[in-house]
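Asker: I would like the atomic coordinates for the input below:
(2 chains)
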Amino acid sequence: MAEALAEPRTARGGARPRGGGRKPAAAPRSPGALLWALPPVALLALFFLYPLALVVRQSLHPDTGGTSLQPYSDLFASEAFRHALWTTVWLAPAATAGCLVLGFLLSLIIAFVPFPGAKAVARFIDVYLSFPSFLITLALLFIYGTTGIVGSFQFLTTPWGVLLAEVTYFTPFVMRPLLAAFAQLDTAQLEAASSLGARAPRIVRQVILPEALPALAAGGSLVLVLCLNEFGIVLFTGAKGVTTLPMLVYGKAILESDYPGACAVAVVNVLISTGLYGLYRVVSRRAGA
Amino acid sequence: MGIRFDSVTVAYDGNVVLDALDLTVEPGEVMALLGPSGSGKTTALRAVAGFVRPASGRVLLGGEDVTDLPPYRRGIGMVVQSYALFPHLRVDENVAFGLKARRTPRNEVRQRVAEALELTGMAGYARRHPRELSGGQQQRVAIARALAIRPRVLLLDEPLSALDARLRSGMLAELARLHRELPDVSMLYVTHDQVEALTLADRIAVMDKARLQACGTPRELYRSPDNAFTASFVGGANLLPVTVGAGGVDFLGTELKVDTAEAVAGARATLCVRPHLVGLGEGPNRITGTVAEIQWRGATHRLYVETGGHRVMADVRELKEPPLHGEPVTLHFASEDAVLLPAGVSHG
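Answerer: Numbers count the residues shown, from 1 in each chain, chains lettered A, B, ... in the order given. Reported below is the predicted structural model:
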């Protein structure tokens, strides 16, 4: 007894392959390694950073000439922008929440309720991810559109239509990491919980959900950023009252030829996206995911 | 509270993995299910836990038919090889899990968690997480978690297989102590390790090929196994094909004097002799052959002696001058140390 208790407390991670392990400190870089890094960095700068800088520059050069913050002050003063900002900011988290709830439930069923074809469904999720987003909206138009099967009510052109389409399209993005996480889960844990007297709801709440949190965080943050920037779905629903930031960029740039205005909206959009991404990194690091 | 298998058959896709098992575990008894992998022993345990549904037959716990009860209503404690602790819960929360699932009053939960941790020697680790514990400690927590709900029976599925040899013998003694302290809890102990079964079990049920091969006390199975598989799986044995004669048997033309009371003269049979009961040199029942292999095992030498296409194993006290490879030797054994078994397929 005493002998066994005195054994060293070596941490054995058990069945929890998580990304908790920090990578060892990088070895001092050789000049050769820097040389290898040069081409990708150059490409990145040329095709991504430079255009982004141009956008930022354009947003500071109003059509009236000179350099000023005029496009921004015009923008913040405009009702259309504030409306689009508000729509974007509530629609994206709402769609994300919908995806998380729906994705969690569907993944639970696919992973833990044995039914014929569960594997085929899981595989279909992968295919679904490759579909373009407007395809879903188009499909929804056939059902809910004005000429569709249940077309008598103008549902799709409201924000709720956009929400429905976004939840439908983005839910598989949550399910992918969740299914991977569920596959890693030790079924012996579920059986232990069951023999200890726990029924399905308690097992889901206290055993599966805590294990799935990192996957939920990963999927959720991905969907949040994708929803913030979603353009195709909003365009295809043709919802007049629903203008999100990407729609506003499109409207200003293509329809109104107001490039400085469009660039200013784009910059705001980029800031919100990167801000949220940064927040996610901080939160996920604190959660140990 | 006892366990009874009443002709339990389990099949997956028409593949019978447990064939009409009849077995009774008495209240407070430790029954080992011993067998190689694929023998059906784990399936039998899972049928008691409720994770596999028998195709036919009934499972009874203390006289109550539980065949149709879901696992969470069976009141069973289960310990598995992988520990299956909840990684995000502390040790005390793990142990409290079953009590909370049963809506035990809060102050009683605290008391019973403390009891269970005390019983398994883990009281000092209550606020740790499983990943901060060694394998042996994690298995103690798993046992505490199973015992906290005061189960009717305790099921142990290869509980020591993930531990190293030194730790395993310590835990074995620990389980024996637990059994003494909880004399009313029946234990069903699944293992492929005959040492664990011989050490811990009141009775051993030997399983092979989805069937129960033999069931008895460790002593019975070791001293007088009733088939070749049991003889070789429990303790290891020489299994020699013989023909029954009058007052002895014929092994490749060599007359061996053994008790043939229960055999028919002229019948083919298998003679079972434990290697440690075979001696080197002249003696009553002699077998001659040549040394095919010799292994030094510290206190003993293991000889493999080739005779007429068969290898006879002998464990003898460490030899000062061991025979060389190919050297002719004579082995012997006492008549009363041999058991005559019905002829069967030798499992080596």
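
Asker: can we go C-alpha only for contacts and neighbour counts from here?
Answerer: Noted.

Asker: helix or strand: which one has A:V225?
Answerer: Element membership for A:V225 (DSSP states H and E) is helix A:209-228.

Asker: no wait, B:S37
Answerer: Using DSSP H and E, no helix or strand contains B:S37.

Asker: name the residues that touch the helix holding A:V225?
Answerer: The contact list for helix A:209-228, computed with C-alpha atoms under 8 Å, 6 or more residues apart in numbering or on different chains, reads A:88-89, A:91-93, A:95-97, A:99-100, A:166, A:170, A:173-178, A:181-182, A:185, A:245, A:269, A:273, A:276-277, A:280, A:284, A:287, A:289, B:88.

Asker: phi first, then psi, for B:D22.
Answerer: phi -120, psi 120 (degrees, to the nearest 10).

Asker: isn't it right next to B:T9, touching?
Answerer: No. The criterion here is C-alpha atoms under 8 Å, and B:D22 misses it with B:T9 at 9.6 Å.

Asker: which of those two has more neighbours?
Answerer: Applying other C-alpha atoms under 10 Å in any protein chain shown to B:D22 and B:T9 shows that B:T9 carries more neighbours, namely 24 against 16.

Asker: which SS state does the more buried one fall under?
Answerer: strand (DSSP: H, G, I helix; E, B strand; the rest coil).

Asker: do I have it right that it meets B:L21?
Answerer: Yes. Counting by C-alpha under 8 Å, B:L21 is a contact partner of B:T9 at 6.5 Å.

Asker: ok, which stretches of chain A are helices?
Answerer: A:2-5, A:31-44, A:50-59, A:70-77, A:79-112, A:118-128, A:133-144, A:159-184, A:187-195, A:200-203, A:209-228, A:232-237, A:245-250, A:259-286 (DSSP state H).

Asker: now do the last one: distance to the chain's middle.
Answerer: Just to be clear, that refers to helix A:259-286. The gap between where helix A:259-286 is centred and where its chain is centred comes out at 13 Å by C-alpha atoms, centre = their mean, to the nearest Å.

Asker: list the buried ones in it?
Answerer: A:259-267, A:269, A:272-273, A:276-277, A:280-281, A:284 (16 or more other C-alpha atoms under 10 Å in any protein chain shown).

Asker: mind giving me the packing neighbours of that helix?
Answerer: helix A:50-59, helix A:70-77, helix A:209-228, helix A:245-250 (3 or more C-alpha pairs under 8 Å, 6 or more residues apart in numbering or on different chains; DSSP states H and E).

Asker: which one of these lies nearest to B:A44?
Answerer: Among the helices and strands packed on helix A:259-286, helix A:209-228 comes nearest to B:A44, with 29.8 Å by C-alpha to C-alpha.

Asker: so for the closest one, what's the average pLDDT?
Answerer: Averaging pLDDT along helix A:209-228 gives 89.

Asker: that helix vs helix A:259-286, what angle?
Answerer: Interaxial angle of helix A:209-228 relative to helix A:259-286 (axes from the mean of the first three to the mean of the last three C-alpha atoms, to 10 degrees): 170 degrees.

Asker: these two touch, right, B:A197 and B:T191?
Answerer: Yes. Judged on C-alpha under 8 Å, B:A197 makes contact with B:T191 at a distance of 7.0 Å.
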